[in-house]
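1. Build me a model from this:
(one chain, ligands or ions: 1)
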Amino acid sequence: MGPPGPVIGYNRLQPVVTRYFLTLIQVSPLKLNMSLYPHLSQPQYRRCGITTKVCPTFPCIHVPCQDPDYLADYEEFLANNQVHEKTWELYNSLYGRTPSYTLKEQLSVAEWAFYDPKVERCRRLEGKKEQIRQERKAHEIRARIQYRMEEEELFNDESLKDHPFIIRRKEDRRRGNLP
Ligand SMILES: [Zn+2]
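-> Reported below is the predicted structural model:
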């Protein structure tokens, strides 16, 4: 093959530049979305499907509940377990069956300023407990259907018929007549 033409500079760089900008377009909203939930958005906490690794945004449609309070509470549980625990202790002491201010009074003004919005979040969460339960239940059903459909697709893929996962799943289905 001969040497490239005279306009080598621009032409050869163009695909690189395009790729660079495409990466920017794809990556920035992703980072922006995930930064709210740096722990929860990690692949090990997500189930986006058999074939999809994880979706590029978070929360994606595969997250069992889209409620921002639910997600923030879960994120805190993962990010700072002690704060999460203390928040719920405070909530329970203030709004439980026998409300008490003892725990709250042990906090400095600055500490309470830190916990106050989190305790409020617990209050909102308690208020929509049933709604969240329903949302998660509906999601669970949808996820099972999606899993079945994806599995079916893999089972029907000739090129995958000898893959250990496929063999194992087919075996499971045969043995237990599993869904
Ligand atoms: Zn997803």
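2. Put the alpha carbons of stretch 53-66 into CSV.
-> Written as CSV, here are the backbone C-alpha positions of stretch 53-66 (Å, rounded to 0.1, in the frame of the first residue of the first chain):
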residue,chain,number,x,y,z
LYS,A,53,-23.2,-5.3,31.6
VAL,A,54,-24.6,-2.1,33.1
CYS,A,55,-26.5,0.7,31.5
PRO,A,56,-24.5,3.9,30.9
THR,A,57,-26.8,6.0,33.2
PHE,A,58,-28.0,5.7,36.7
PRO,A,59,-30.7,5.3,37.9
CYS,A,60,-31.6,3.2,34.8
ILE,A,61,-34.8,1.3,34.2
HIS,A,62,-33.4,-1.7,36.0
VAL,A,63,-33.2,0.0,39.3
PRO,A,64,-36.0,-1.5,41.5
CYS,A,65,-37.2,1.9,42.7
GLN,A,66,-36.6,5.3,41.2
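3. tell me which residues in it are buried?
-> Buried residues in stretch 53-66, counted by 16 or more other C-beta atoms under 10 Å: 54-55, 58-59, 62-65. Any C-beta I mention is one placed from the backbone N, CA and C, and that applies to glycine too.
4. try stretch 169-178
-> Judged by neighbour count (16+ other C-beta under 10 Å), stretch 169-178 contains these buried residues: Arg169.
5. How far off centre is that stretch?
-> 30 Å (C-alpha atoms, centre = their mean, to the nearest Å).
6. swap in stretch 53-65?
-> For stretch 53-65, the distance to the chain centre is 5 Å (C-alpha atoms, centre = their mean).
7. And this structure, what are its domain boundaries?
-> Here the domain parsing of the chain from automatic domain parsing is 1-62, 80-127.
8. On the three-state scheme, the residue nearest the centre of the chain is what?
-> What sits nearest the mean C-alpha location of the chain, by C-alpha atoms, centre = their mean, is Ser41, with 4.3 Å. Here Ser41 is coil, with the state taken from DSSP: H, G, I helix; E, B strand; the rest coil.
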